[in-house]
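Peer 1: Build the 3D model from these lines:
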Amino acid sequence: MAEIFRAGIDAVESGQTEAAKSLGMRPFLVLRYVVLPQALRIVLLPIGNQFNLMLKNTTLVSVIGVSEMLLVTETINSATFRTFELFSVVALYFLILTTAWGGVMALLERRMSRSEARPPSDAMPAMPVSEAIG
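Peer 2: Numbering: from 1, shown residues only. As a prediction, this is how the structure comes out:
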């Protein structure tokens, strides 16, 4: 995770920080207002993918307060011998978690791309061709 953030900060062009420093911004302000917003846009998807990968590879869902699900499932299975039903429920649970997280990431990505595509507020509005010609 730290490597993803480091790479995101390094991906911000050095000209951005030089421009901010030439405007007289202090290093903390350069980091807060210039570097980190651009780095966040860069690292958003890799961080989301890393979280999803950790969710799938480890069944330790202690982040949401649930005990280790496969251990509980195996314990119940040894008592009831209903293997297919139990593991189907666990698979469905993981499917719901990863699908929900994918939806959250899609919303964040859409919001980031919308703010990226927005023209600057001081840009001139487009002139219709009929006005430009005649």
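
Peer 1: any idea which element the spatially most central residue of the chain lies in?
Peer 2: Against the mean C-alpha coordinate of the chain, by Cα atoms, centre = their mean, the closest residue is L44 at 3.4 Å. Using DSSP states H and E, L44 sits in helix 36-57.

Peer 1: So for that helix, mean pLDDT?
Peer 2: For helix 36-57, mean pLDDT rounds to 87.

Peer 1: Check which helices and strands that helix sits against.
Peer 2: helix 2-11, helix 83-117 (3 or more Cβ pairs under 8 Å, 6 or more residues apart in numbering; DSSP states H and E). Where C-beta positions appear, they are placed from N, C-alpha and C, glycine not excepted.

Peer 1: CSV for the ones you listed, including mean neighbour count?
Peer 2: Below are these laid out as CSV (neighbours: other Cβ atoms under 10 Å):
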stretch, mean neighbour count
helix 2-11, 13
helix 83-117, 12
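
Peer 1: would TSV of those helices with mean pLDDT and distance to A39 be doable?
Peer 2: As requested, these are exported to TSV (pLDDT from 0 to 100; distance: least, Cβ to Cβ, whole Å):
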stretch	mean pLDDT	distance to A39
helix 2-11	93	4
helix 83-117	85	12
